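Chemist: Give the three-dimensional model of this entry:
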Amino acid sequence: ELDLEKQKTLLEIRFPKRGKCIEETGGLCGQIFIFDQGINVLPRFVCAKIAKPLRYEKKEETSKRFLQELEAQLSFYQNMYVHWITDVDTAYDIPIAWFRYWDSDLLTVIKDNKSNITTKLSMLTYLCAGLEHCYSQGLVAHQDLKPANIFIKNLSKSFRDLPNFNIYEIAMVADFGLANAFQRLKLFDGAKPYKSPEQWSEKQLTSKSDVFSLGVIFYELLSGG
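Modeler: Now for the predicted structure:
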């Protein structure tokens with residue numbers, strides 16, 4: 001219930017070794033605080049995710065839902081195409097998840113529209129491979145696939161002298177705040193315009209619901225937005 005500036009200050013006090021909080025962002029289910037750990041630290045940037053209460057939700061229910069999200073993500077993450085948690089903690093009885101902060105996402109790629117067709121197709125392939133892995137581990141429907149929830153790891157920044165194949169921008173599925181939410185919470189929410197027709201009509205969801213979202217994302221990426 002505190003405003004973002006107070007939350008930011010309390011997090012800096014609670015986690016002094018994480019450095020300075022330089023930015024806040026967020027989505028439907030969570031608030032993200034990005035920390036700069038210093039130029040000599042690897043990774044330099046990390047982020048803390050805290051659950052946002054949904055409508056008419058009590059504090060305890062918010063925390064329970066967030067822990068279910070983390071449990072789900074931990075069951076999905078053993079794959080290079082799925083974003084992962086690096087640490088968990090609490091601040092003033094509020095659960096927090098820590099992640100590495102990547103310097104790009106698919107939304108940025110679409111807006112810049114500088115990637116060649118090989119790079120774009122390889123990112124879509126990695127994205128599908130990540131989702132296939134998640135489905136094999138119990139994901140029924142992600143429910144919130146959108147470009148901002150697909151992070152990009154550029155391997156060419158980590159490894160020198162790679163052959164020039166234009167396939168080194170690795171797409172990772174991220175943000176499982178609404179994963180299987182239609183089952184867990186009777187919640188069919190998602191981001192417009194990526195919501196499938198069955199999300200709008202609140203009918204049974206499957207992996208095909210995510211295929212609708214992927215279709216919109218594919219079109220945006222391949223058409224330059």
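Chemist: Excluding chain neighbours, what is closest to Tyr92?
Modeler: Leu10 (6.7 Å; CB to CB, 6 or more residues apart in numbering). Every C-beta, even on glycine, is put in place using the N, C-alpha and C of the backbone.
Chemist: list the contacts for that neighbour?
Modeler: Taking CB atoms under 8 Å, 6 or more residues apart in numbering, we find Leu10 in contact with 2, 91-92.
Chemist: Name the member of the residues you listed with the most neighbours.
Modeler: When neighbours are taken as other CB atoms under 10 Å, the top entry among these is Ala91 (15 neighbours).
Chemist: which residues does it bridge with?
Modeler: Counting by DSSP bridges, Ala91 forms beta bridges with Ile94.
Chemist: is it true that Leu67 touches Pro95?
Modeler: Yes - counting by CB atoms under 8 Å, Leu67 does reach Pro95; the two are 6.0 Å apart.
Chemist: So the two - more neighbours on which side?
Modeler: Counting neighbours by other CB under 10 Å for Leu67 and for Pro95 shows that Pro95 has the greater number, 18 against 14.
Chemist: Tell me which stretches of this protein form helices.
Modeler: For the chain, applying DSSP state H gives helices covering 4-14, 59-76, 106-112, 117-136, 181-184, 197-200, 207-222.
Chemist: Ok, which of the ones you listed comes nearest Ile32?
Modeler: For Ile32, the closest of these is helix 4-14, at 10.7 Å, according to CB to CB.
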